[in-house]
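Engineer: From the sequence below, what's the structure:
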Amino acid sequence: MGRQERSKSLSFDLLDTGIDDVRWPAFPSPAAANQLAVQFQLEHSQWWSSHDLSSRQLQQLSALIGFAKEHVQHYRESLCISGLAPEQALSWDVFRQLPIVSRAEVQRLGDSLATQQVPANHGKIRIVKSSGSTGRPVSLRKTDVCNFFWKALSLRLHFWHEHDFNGTFAAIRFTDNDKAVPPHGTRMSGWGPGTMDVLRTGPTWLLKSSVDVSAQAEWLGRMQPHYLVTYPSNLLQLARHFVSKQLALPTLRQVCTIGEALPSGIREACRKAWGVELVDTYSSEEAGLIAIQCPDNEHYHVQAEGVLVEVLDENNDRCRAGQVGRVVVTPLHNFATPLIRYEIGDYAEVGEHCSCGRGLPVLNRIVGRARNMARLPNGRLFRPSVGITDFADVAPVQQAQLIQKALDHIEVKLVADVTLNKIQEQRIESIVQRNFDYPVQVTFSYPPTIPTSAQDKFEDFLSELL
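Structural biologist: Numbers count the residues shown, from 1 in each chain. Here you go, the predicted model:
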C-alpha cells in the first residue's frame with residue numbers, strides 16, 4: 001500500500017467530540033486535540049528521509065542535553081568531564097563521544113540522575129520501575145509528556161496495522177487486578193491509553209496471564225475477541241493448545257505481542273492455530289515504545305520521534321545492517337530523569353532501509369536481554385533460536401528452557417508428560433547442536449514446571465556465564 005492509500009485508511013469516524021450535539025466534524029477535547037496534532041505530524045515524519053529525521057533528533061537532543069547539564073547533578077559533572085564545552089553546538093560526532101551509562105550505573109546513581117525542576121508544562125512527575133527482568137528493577141521519574149508520547153505512538157500502532165476500532169481486544173498479561181480471572185475476567189471500556197482520549201472503541205477484556213493455558217483458551221472461546229495481546233511465550237502455549245484440542249477462534253483477526261523476544265516458530269504457530277498474523281512491539285518502561293513492527297514486513301521501525309536508538313558493537317562502533325549489537329537508547333522527552341546513551345541491556349539486529357518507504361530506522365529483530373545471549377568457546381555471541389516448537393516434533397513437550405552452564409555445556413529443561421527415552425534425547429541433542437553450530441555438551445532435566453518471572457514473563461534461554 002502506498003503513502004496516499006495508507007493516509008486514506010486513517011479514519012477518524014470514531015473521534016470523540018467535546019461539544020454537546022456537535023457530531024460532525026468532531027470538536028475534540030483539548031487532550032484529543034493534542035493527540036491528533038501529534039498524529040498529524042507523525043503521519044508526515046514517518047516518510048521523511050533518515051537525514052531529515054536525524055536532524056530533528058539532534059535538535060531535540062540539544063535541548064535535552066542542555067537541560068541536563070544545567071539541572072541534573074550527574075550530567076553537570078559527566079558532560080563537562082567528557083569535553084562538551086558549555087556553549088558548544090551539539091553534533092553527531094560530539095554526541096557519540098558522550099559516555100554510555102549502563103543499567104547498573106543508573107541503579108547506583110539513583111537521584112543524581114533525576115531532577116524536580118522540569119519545565120512546568122511537562123506535567124506531573126511520577127515514579128516508575130522497570131520489570132527487573134535482568135535483576136533489580138530500575139527506578140526513575142517520568143512526566144506527563146513521556147506518557148503522552150507513549151500514547152501517541154501506541155495510537156500509531158493501531159493506525160499502521162489498520163485495526164478496526166469497533167472490535168474487541170482480549171489482553172492476557174500480568175496484572176494485580178484480582179477480578180481478572182475466569183470465567184469473565186475484567187471488562188474495560190476502551191482499548192487503553194493509546195485511544196482513550198481520542199477515539200471511541202470496543203471494549204478490552206483482561207485476564208491474568210498466570211491463569212492456566214486451558215482456562216485461558218476457554219475464556220477466549222467465550223469472549224470471541226477480534227484482537228489478542230499477550231506475551232510471546234504465553235501465545236505460543238495458547239496456539240499449541242488450540243491446535244492440539246482442535247479449538248477455533250473464528251472472530252480473531254490478529255495477535256499482538258509484548259514484553260519478550262519472539263521465540264522461533266511463533267508466527268507459523270499463529271497461522272496454524274488461527275490463520276492470523278502476529279504484530280510485535282519493542283518497549284521498555286525506561287524508554288517507552290521503542291519500535292513497532294512494520295505494516296508491510298516482519299521487521300521493526302524505531303520510533304525515532306520519541307527515542308534515539310543506537311546499536312553498538314563491542315568497540316562502541318555503530319553496527320551495520322545484518323549485525324547484532326547492544327541497544328543504547330536516549331529517550332528524547334524525559335526531562336525528569338534524562339537517560340543519555342543508556343545501555344538498556346538488550347541486543348538487536350540492524351536492518352536495511354525498508355521497502356515500505358518509511359525513513360524510520362529498521363531493526364530486523366529484537367534478540368533479547370544480555371542474559372538471553374549464548375557465548376561459545378570460539379567467541380561467537382548469538383541468540384539461540386531453538387525451543388519448544390522444534391522439540392514438539394520429537395516428544396510431547398509442554399515447556400522447554402535452555403540454560404548455558406558453561407561455554408560448552410547446555411542444560412535442556414523439559415516439562416513433559418513422561419521422561420524422554422534415549423533416542424528422543426539424542427534427537428533433541430542434535431537439534432540443539434545444529435542450532436548452536438557447535439558440539440556443545442547437552443544434559444537434560446525434568447522439573448514439574450518452569451517458573452515465569454514475577455511479571456509472568458518466560459525466558460526460553462538463560463546464560464549463567466554473565
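Engineer: Give the helix, strand or coil label for Ala291.
Structural biologist: The three-state assignment at Ala291 reads strand, by DSSP: H, G, I helix; E, B strand; the rest coil.
Engineer: Which residues are in contact with it?
Structural biologist: Ala291 is in contact with 281-282, 300-303, 309, 363, 366, counting by CB atoms under 8 Å, 6 or more residues apart in numbering. For glycine as for every other residue, the C-beta is placed from the backbone atoms N, C-alpha and C.
Engineer: could you redo the last one with a cut-off of 7 Å?
Structural biologist: When contacts are counted by CB atoms under 7 Å, 6 or more residues apart in numbering, Ala291 touches 282, 300-303, 363.
Engineer: Which members of these are positioned in strands?
Structural biologist: Here DSSP state E is the test, and those give 282, 300-302, 363 as lying in strands.
Engineer: And the residue nearest the centre of the protein?
Structural biologist: Of all residues in the chain, the one closest to the mean position by CA atoms, centre = their mean is Tyr282, 2.0 Å from it.
Engineer: Nearest residue to that one in space, please, no chain neighbours.
Structural biologist: Distances taken as CB to CB, 6 or more residues apart in numbering put Ala291 closest to Tyr282, at 4.1 Å, once the chain neighbours are dropped.
Engineer: Got phi/psi on Thr204?
Structural biologist: Dihedral pair for Thr204: phi -120, psi 130, per degrees, to the nearest 10.
Engineer: check contacts around it.
Structural biologist: With contact taken as CB under 7 Å, 6+ apart, Thr204 is in contact with 169, 171, 188, 190-192.
Engineer: Need the residues you listed in a markdown table (columns: neighbour count, secondary structure and distance to Asp93).
Structural biologist: Below are the contacts of Thr204 laid out as a markdown table (neighbours: other CB atoms under 10 Å; DSSP: H, G, I helix; E, B strand; the rest coil; distance: CB to CB, whole Å):
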| residue | neighbour count | secondary structure | distance to Asp93 |
| --- | --- | --- | --- |
| Phe169 | 23 | strand | 45 |
| Ala171 | 23 | strand | 44 |
| Met188 | 16 | strand | 48 |
| Gly190 | 18 | coil | 46 |
| Trp191 | 25 | coil | 43 |
| Gly192 | 15 | coil | 41 |
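Engineer: For those, work out which two are farthest apart.
Structural biologist: Using CB to CB, the contacts of Thr204 span at most 11.8 Å, a distance reached by Ala171 and Gly190.
Engineer: Please put the alpha-carbon coordinates of stretch 238-254 into PDB.
Structural biologist: This file holds the C-alpha atoms of stretch 238-254, laid out as PDB (Å, rounded to 0.1, in the frame of the first residue of the first chain):
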ATOM      1  CA  LEU A 238      -2.000 -21.000  23.600                       C
ATOM      2  CA  ALA A 239      -1.500 -21.700  19.900                       C
ATOM      3  CA  ARG A 240      -0.300 -25.200  20.600                       C
ATOM      4  CA  HIS A 241      -3.200 -25.800  22.900                       C
ATOM      5  CA  PHE A 242      -5.800 -24.700  20.300                       C
ATOM      6  CA  VAL A 243      -4.200 -27.000  17.700                       C
ATOM      7  CA  SER A 244      -4.000 -30.000  20.000                       C
ATOM      8  CA  LYS A 245      -7.600 -29.600  21.200                       C
ATOM      9  CA  GLN A 246      -8.900 -28.600  17.700                       C
ATOM     10  CA  LEU A 247     -10.300 -25.400  19.100                       C
ATOM     11  CA  ALA A 248     -11.100 -22.300  17.000                       C
ATOM     12  CA  LEU A 249     -11.400 -18.500  17.300                       C
ATOM     13  CA  PRO A 250     -13.300 -17.600  14.200                       C
ATOM     14  CA  THR A 251     -13.500 -13.900  15.100                       C
ATOM     15  CA  LEU A 252      -9.800 -13.400  15.700                       C
ATOM     16  CA  ARG A 253      -8.100 -11.100  13.200                       C
ATOM     17  CA  GLN A 254      -4.700 -10.500  14.600                       C
END
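Engineer: Please name the bridge partners of the closest residue to Arg365 other than its chain neighbours.
Structural biologist: Take Arg365 and drop its neighbours on the chain: the residue closest to it by CB to CB, 6+ apart is Glu349, 5.0 Å away. Using DSSP bridges, the bridge partners assigned to Glu349 are Val324, Arg365.
Engineer: Look up the pLDDT of Glu349 for me, please.
Structural biologist: As predicted, Glu349 sits at a pLDDT of 95.
Engineer: Please tell me I have it right and it contacts Ala321.
Structural biologist: No: Glu349 is beyond contact range of Ala321, at 8.6 Å (criterion: CB atoms under 7 Å).
Engineer: Have a look at these two and say which one is more surrounded.
Structural biologist: Each of Glu349 and Ala321 has its neighbours counted (other CB atoms under 10 Å); Glu349 has more, 20 against 11.
Engineer: In contact with the more buried one, which residues?
Structural biologist: By CB under 7 Å, 6+ apart, the contact set of Glu349 is 322-324, 363-365, 367.
Engineer: how about a cut-off of 10 Å?
Structural biologist: Residues near Glu349 by CB atoms under 10 Å, 6 or more residues apart in numbering: 299-300, 311, 319, 321-325, 362-367, 383.
Engineer: could you pull out the helices for the stretch 251-400 of the chain?
Structural biologist: For the stretch 251-400 of the chain, the helices defined by DSSP state H, counting those that start in this stretch occupy 266-274, 388-391.
Engineer: rank the ones you listed by pLDDT, which is bottom?
Structural biologist: Per-segment mean pLDDT for the helices of the stretch 251-400 of the chain reaches its minimum on helix 388-391, at a mean of 81.
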